[in-house]
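Undergrad: Dropping a prediction and its sequence here:
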Amino acid sequence: MTINNIITVGAQWGDEGKGKIVDFLSAEADWVVRFQGGANAGHTLCVDDKVYKLSLVPSGVIAKKPKLLVGSGVVIDPESMVDEITRLIEAGLSVSPERLRVSAVAGVILPIHKMLDEIRETKGRKIGTTGRGIGPAYEDRVGRRGIRMGDLLDPAGFEASLEALYQHHLPVFAYFGLTPPPMEDTIASMQQIVPRLAPYIEPSPYLMFHAQLNNARVLYEGAQGAMLDVDYGTYPYVTSSSTLPAQALMGGPASWSALDRHEKGPHFYRLGVTKAYSTRVGEGPMPSQLDDAIGESIATKGAEFGTVTGRARRCGWIDLVALRYVARLGGLHGLAVTRLDILDGFEQVGVCVGYEGVPRDCVLDAQVMSQAKPIFRYFEGWDGTANVRHWHLLPKPARKFLEFLAVETSTELALVSTGPTRESTMVLSDVMGAFCRTTNKYE
Ligand code: GDP
Ligand code: IMO
Ligand code: MG
């Protein structure tokens, strides 16, 4: 069965290896579309002995074929976008305006948003944000005073909107005896940056409609993770956007006619990316966290430090209660399991299969999760999975563990990753194999 559209999302708390998986699937895609979040995302991609760090530009940029869209659901810090584009061009990649389009409806993050983010973190409830101004920029967007990428093309209109936005926020600064970043500085820096970004700005929401009516193969790239979803995650310890697959339809946007045109089976395949264990950075509950030598060992072996902020990530065994919840909410068809190799060498590998006294279908809000006592089931450990790319070459206990994840979440095992490179990836689902025209399942 072939499929034209894949939506990838993080199925945990972010940093699952989405960037690597999107790059792997990109080779035969026509478009790779980022549909939410901003430069709070940080992806590390290891391709052909080079390491690339991405935040806003879709992870399809390294593959030669796909065009790239930063969709309407994203919030963009123009300065960091220009920096990222410059870095990628210097690394020899094609990031021309013909290849990369940026939705005119995408929100703009301004210096004032970053300062508001910091104020909230230091003087209000600490969420442990990335400090990139994400929350305040999305608030302004839904408060209808936000500035959108298209607005940057009209300097007079931009200045008037900026003034109104400042007026709204000034009382907060006054309350804390602080001064916002000077408005003139923001105007001056936009005057410098906008000419560089202008050619990328895409006014038409119909871009993907046309592509999809022509049967384009589209890969939608989610950032963050489903447990950080603004509505269904561990609120308020979440990010400020919808991170579930449904957001791809509005945050691209995608063509509804393409959604209708399924012949056999799903036409928008929803792929959840999960590590073989759990990590979380920032505040908020994580029931399967291990504050012991094993947790430390996972952190050390996995070098679990954030790409964006360098903060240490909390580590623990994989949480199947959370993953089942995400699989249902996100309508996941398949799982891409990454970082199996990091679990090499443990005598036993744990899986959180339930929370004490919590019914199987319980809503996983922050309150339930902060009190949850994990029930672990242990699998025999394994060794030697690093860079293995064939199912039958994986140690039997590792295969049993992987099969258990799929059964428990009612999904299929679509991909398994055993190292950071493209080569250390196995394709186990026919749909994935057809999309990226790779069939190492059968080699
Ligand atoms: P993302 O934000 O979801 O794209 O994930 P990050 O890039 O923040 O973190 C994932 C890290 O794991 C990156 O450094 C990847 O290069 C790396 N990675 C991805 N898959 C694997 C894998 O299977 N094994 C190992 N050892 N590293 C991996
Ligand atoms: P990628 O795409 C991991 C977390 C922050 C914080 C919360 C809110 O690389 O997986 P925000 O700055 O969004 O207001 O922070 O969300 N967070 C991430 N954690 N990976 C990410 O992105 C994240 N983006 C945000 O740590 O807890
Ligand atoms: Mg990351």
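TA: Perfect, thanks for sending it. Ligands and ions are numbered 1, 2, ... in the order given.

Undergrad: I'd guessed Asp365 sits against Tyr235; true?
TA: Yes - between Asp365 and Tyr235 there is a contact at 6.7 Å, judged by CB atoms under 8 Å. All C-beta spots, glycine's among them, are computed from the backbone N, C-alpha and C.

Undergrad: list the contacts for the nearest residue to Ala226 once chain neighbours are set aside?
TA: The shortest distance from Ala226 to any residue that is not its chain neighbour, by CB to CB, 6 or more residues apart in numbering, is 4.1 Å, and that residue is Val326. For Val326, the residues meeting the contact criterion (CB atoms under 8 Å, 6 or more residues apart in numbering) are Ala11, Gln12, Ala226, Met227, Gly272, Leu332.

Undergrad: Tell me which residue of the protein lies closest to ligand 3.
TA: Using CB to the ion, Asp15 is the residue of the chain that sits closest to ligand 3, at 3.9 Å.

Undergrad: Run a quick neighbour tally on that residue.
TA: Counted by other CB atoms under 10 Å, the residues lying close to Asp15 total 28.

Undergrad: Next one: it from Arg99, what distance?
TA: Using CB to CB, to the nearest Å, Asp15 is found at 27 Å from Arg99.

Undergrad: swap in Ser417?
TA: In this view, Ser417 and Arg99 are 26 Å apart by CB to CB.

Undergrad: Of the two, which one has the most company?
TA: Set side by side, Ser417 and Arg99 give different neighbour counts by other CB under 10 Å, the larger being at Ser417 (26 against 15).

Undergrad: list the contacts for that one?
TA: Applying CB under 8 Å, 6+ apart, one finds that Ser417 lies in contact with Gly17, Lys20, Ile21, Phe24, Ala336, Val337, Thr338, Arg339, Leu340, Ser424, Thr425, Met426.

Undergrad: what's the pLDDT at Thr307?
TA: Thr307 carries a pLDDT score of 70 in this model.

Undergrad: Looks to me like it is in a helix.
TA: No - according to DSSP: H, G, I helix; E, B strand; the rest coil, Thr307 belongs to no helix; its state is coil.

Undergrad: Kindly provide the distance from it to Ala322.
TA: Here the criterion is CB to CB. By it, Thr307 lies 22 Å from Ala322.

Undergrad: which one of those two has more residues nearby?
TA: Ala322 (27 against 17).

Undergrad: element containing that one, please.
TA: Secondary structure assigned from DSSP states H and E places Ala322 in helix 320-329.

Undergrad: Buried residues in that helix, which are they?
TA: Residues of helix 320-329 classed as buried by neighbour count (16 or more other CB atoms under 10 Å): Leu320, Val321, Ala322, Leu323, Arg324, Tyr325, Val326, Ala327, Leu329.

Undergrad: again, but for stretch 57-64
TA: Buried residues in stretch 57-64, defined by neighbour count with 16+ other CB under 10 Å: Val57, Pro58, Ser59, Gly60, Val61, Ile62, Ala63.

Undergrad: same check, this time on stretch 178-187
TA: By 16+ other CB under 10 Å, the buried positions in stretch 178-187 come out as Pro180, Pro181, Met183, Thr186.

Undergrad: gap between the two ends of that stretch?
TA: Its start and end residues considered, stretch 178-187 measures 20 Å (CA to CA, to the nearest Å).

Undergrad: so which of the buried residues of stretch 57-64 comes closest to ligand 1?
TA: Distance to ligand 1, by CB to the nearest ligand atom, is smallest for Ser59 among the buried residues of stretch 57-64, at 7.1 Å.

Undergrad: Next, work out how far apart the closest one and ligand 2 are.
TA: 10 Å (CB to the nearest ligand atom, to the nearest Å).

Undergrad: tell me the contacts of the closest residue to that residue other than its chain neighbours?
TA: The shortest distance from Ser59 to any non-neighbouring residue, by CB to CB, 6+ apart, is to Val22 (3.9 Å). Residues in contact with Val22, defined by CB under 8 Å, 6+ apart, are Thr8, Val32, His43, Pro58, Ser59, Gly60, Leu219, Glu221.

Undergrad: Can you tell me the SS state at the residue of the chain closest to ligand 3?
TA: Here Asp15 takes the coil state, with states given by three-state DSSP.

Undergrad: With adjacent residues omitted, what lies nearest to it?
TA: The spatially closest residue to Asp15, leaving aside those adjacent along the chain, is Thr279, at 6.1 Å (CB to CB, 6+ apart).

Undergrad: List the beta-bridge partners for the one you found.
TA: Note on Thr279: beta-bridge partners Cys315, judged by DSSP bridges.

Undergrad: Just confirm it contacts Ala303, I think it does.
TA: No - under the criterion of CB under 8 Å, Thr279 lies out of contact with Ala303, with a separation of 11.1 Å.

Undergrad: So for those two, which residue has more residues nearby?
TA: Between Thr279 and Ala303, counted using other CB under 10 Å, the more crowded position is Thr279 (25 against 8).

Undergrad: hang on, the earlier thing: name the nearest of the buried residues of stretch 57-64 relative to Met369.
TA: Proximity of the buried residues of stretch 57-64 to Met369 (CB to CB) peaks at Ser59, which lies at 29.1 Å.
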